[in-house]
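Novice: Got a predicted structure plus its sequence, pasted below:
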Amino acid sequence: MKKWKLYETDADIEKMSQVLGVSPVLCRIMANRGVRTKNTAIRYLNPSLKLMREGSLIAGMDAAVEIARRGISDGERFCIFGDYDVDGVSATVILHQALTGLLADCGYYIPHRQLEGYGPNMAAMEQIANEYDILITVDSGIAAVEELQYAVDLGLTVIIIDHHTPPSDGGVETLPPAHAIINPKQAACDFPFELMCAAGLSYKFAVHLYENFGKEYEKAKEALIFAAIATFCDIVDLVDENRIIAKNGLLTLNTEFSTNIGLNALVKARNLEYNDIDDFALGFVLGPCINASGRLESAEIAVELFLTDNAARADELAAQLVRLNDERKDMCAKFVEDTVKNLPGESELDDILVIYHPTLHESIAGIVAGRVREHTGRPTIVLSKAGDVAKGSARSIEGYDIFCEMQKHKELFERFGGHPMAAGVTMPIENIDILRQRLNADSTLTNEDFYPVLYGEGWLALDDCTYELARDLSALSPFGKGNREPVFFVTGIVTERVEIIGASGQTLRMTLRSDTGRKITAIGFKAVDKMVEHLSERYNDEIAEGFASRSLKKLNIKLDIAFNIRINTYMGNSSVQLIILDFK
């Protein structure tokens, strides 16, 4: 069961409302997200591309642009070393299009997830040095000290465009020997915003490169769209420059459409339509297809899709990505089901779950860990067999820094990295049980910690859920990490009708009635089992069974509901609709 809590703020909401000329509800939402000054509020409410800071303010940007400018002029050969996720693919596409648009001789190299692993490796550096002059690593490289030293020794000029935290030794930053490093998290950089993904940084690099050449950046809008896709899918905070990229990239995609043949093919293959693509479509429909290629085969499939100018080939590649994503979903569902089924009872569960699946495809370990964490409320590490070692991913819960806790036992790992909520690891198989024992021995978590917290902006009466409020809230989109979609609570609401809809049989549709008689439709996804359980506990099994069999629809019950407020448009008519997140 989720715990409901309200955000707490000491901001003067009424004064904010008067100064900004917007409703107190919107001001409270902004204050809850740390938007507390007039300038930051204006930037938040009007995230114009004109508010993007000059790329030259990022340490290493001018040096990287000068290397690229000189390399293009001298006819040197460029190789972009990307990564196999959405961010790496998007950054590779942005840079390749930008450089070839300036007539550079440019290729790319995406490491194979299972065969090579993450980041630059010695064999790849040797192969690239035989064919190219300038190496640009994107979404990786900042921790590849030895590998990039080897690249430099082989004669490559190296540029790093990465957003990961640089490694340190005894608190001292250790950087690879690159000729230019674009990473706002490096100590030498005082750029005021350091949370961009690699594609966002690549977009800024491309813009600055074209400015340096004094040429029109013809694919600027296309690059913005790919930077937006990566910003959503890499789950970076949707604030400051990330919000500007996400908002404007999504707007460009929907109003001016994409000129990218491959992206158009993927949109068509997923049965999406322009004008109706939102943050959910990017993060949970298109993004997983792009990721699937790098998880199950090679991310070069996705890069080729977005670089091809052949429509028939694009359709073929898009269909392949959709097929791979369907395979990935089936694999995840099977392993999650098997894992959950074999877990002990809640009273016997470890505080920190360490699960070893020898036959699990290592690329989906993180997804499975996340699903098991959602089911149990516990930090979860899922490992699979990769040759003679175990590889896997960790997903944590609020209040448990899994990176810090695992770092206390770093001698158990061969490779290890991450942040408080997630980590990736390679370790000897014989150390798995030792890790499980040590993490649980160290644990100070209590049963309260295993119940997720659902934070709300405030309590609302049903009559306050107006079309005007829904319209105002939509202006705060796009939503995601760092800019959560506003959640509200309502208590004691009467349901006139509750029914099961959808092919999956797991979607609720409710008709809610306010004290004044106003009616609003509410939708609850994956909520049917919870409703059956609720009816059985609060009323009786007969009512629960009648509802589950769809023979009982008119349920006159009262609920406390946590919800989002949205505008639903159907056949040209728009109305307010509530999206149910939880109920009691």
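Specialist: All right, it came through fine. Please read these numbers as outputs of a predicted model, since none were measured by experiment. Numbering: from 1, shown residues only.

Novice: biggest helix in this protein by residues?
Specialist: helix 311-341 (DSSP state H).

Novice: Buried residues, it. List them.
Specialist: 314-315, 317-318, 320-322, 324-325, 327-328, 331-332, 335-336, 339 (16 or more other CB atoms under 10 Å). C-beta: built from backbone N, CA, C; applies to glycine.

Novice: these two touch, right, residue 22 and residue 472?
Specialist: Yes. Residue 22 lies in contact with residue 472 (CB atoms under 8 Å); the separation is 7.4 Å.

Novice: hang on, the earlier thing: next one: the longest helix of the chain to chain centre, how far?
Specialist: How far helix 311-341 lies from its chain's middle: 18 Å, per CA atoms, centre = their mean, to the nearest Å.

Novice: Use 48 as the first number from now on
Specialist: New numbering, starting at 48: the last item is helix 358-388.

Novice: Point out the other helices and strands that it packs with.
Specialist: helix 308-316, helix 334-343, helix 347-354, strand 400-404, helix 412-423 (3 or more CB pairs under 8 Å, 6 or more residues apart in numbering; DSSP states H and E).

Novice: residues touching the nearest residue to residue 104 once chain neighbours are set aside, list them.
Specialist: In this structure, residue 104 finds its nearest non-sequential neighbour in residue 238, 5.4 Å apart by CB to CB, 6 or more residues apart in numbering. Neighbour list for residue 238: 100, 104, 105, 106, 231 [criterion: CB atoms under 8 Å, 6 or more residues apart in numbering].

Novice: what about the third one, distance to residue 382?
Specialist: Plainly put, residue 105 is 41 Å away from residue 382 if you go by CB to CB, to the nearest Å.

Novice: Kindly report the same for the first one.
Specialist: Plainly put, residue 100 is 44 Å away from residue 382 if you go by CB to CB.

Novice: One more: residue 247?
Specialist: 33 Å.

Novice: Kindly report the same for residue 444.
Specialist: Shown here: residue 444 relative to residue 382, a distance of 20 Å by CB to CB.

Novice: what's the neighbour count on the closest residue to residue 245 other than its chain neighbours?
Specialist: Spatial nearest neighbour of residue 245, excluding adjacent residues (CB to CB, 6+ apart): residue 186 at 3.6 Å. Residues lying near residue 186 (other CB atoms under 10 Å) number 30.

Novice: what do you get for residue 605?
Specialist: Burial of residue 605 is recorded as 10 neighbouring residues (other CB under 10 Å).

Novice: ok, now residue 483?
Specialist: The number of residues packed near residue 483 is 17, by other CB under 10 Å.

Novice: Next, the contact list for residue 556, please.
Specialist: 544, 545, 546, 547, 548, 568, 569, 570, 571 are the contacts of residue 556 under CB under 8 Å, 6+ apart.

Novice: so which strand or helix has residue 255?
Specialist: Assessed by DSSP states H and E, residue 255 sits inside helix 245-260.

Novice: which of the residues in that helix are buried?
Specialist: Buried-residue list, helix 245-260, by 16+ other CB under 10 Å: 245-257, 259-260.

Novice: And for stretch 223-233?
Specialist: 223, 225, 226, 227, 228, 229, 230, 231, 232, 233.

Novice: doesn't residue 308 make contact with residue 358?
Specialist: Yes. Taking CB under 8 Å as the definition, residue 358 is a contact partner of residue 308 at 5.6 Å.

Novice: picking up where we left off before, enumerate every residue touching the residue nearest to residue 245.
Specialist: If you count contacts by CB under 8 Å, 6+ apart, residue 186 has them with 129-130, 132, 134-135, 138, 208-211, 244-246.

Novice: Where helices are concerned, which of those count?
Specialist: Of the contacts of residue 186, the ones assigned to helices by DSSP H are 134, 135, 138, 245, 246.

Novice: Of the residues you listed, which pair is most distant in space?
Specialist: Greatest spacing in these, by CB to CB: 135 and 246 (8.3 Å).

Novice: what is in contact with these two at once?
Specialist: 185, 186.

Novice: low pLDDT regions in the stretch 198-347 of the chain?
Specialist: Within the stretch 198-347 of the chain, not a single segment meets pLDDT under 70.

Novice: can you pull out the strands in it?
Specialist: Assigned by DSSP state E, counting those that start in this stretch, the strands in the stretch 198-347 of the chain fall at 204-208, 215-216, 219-220, 227-229.
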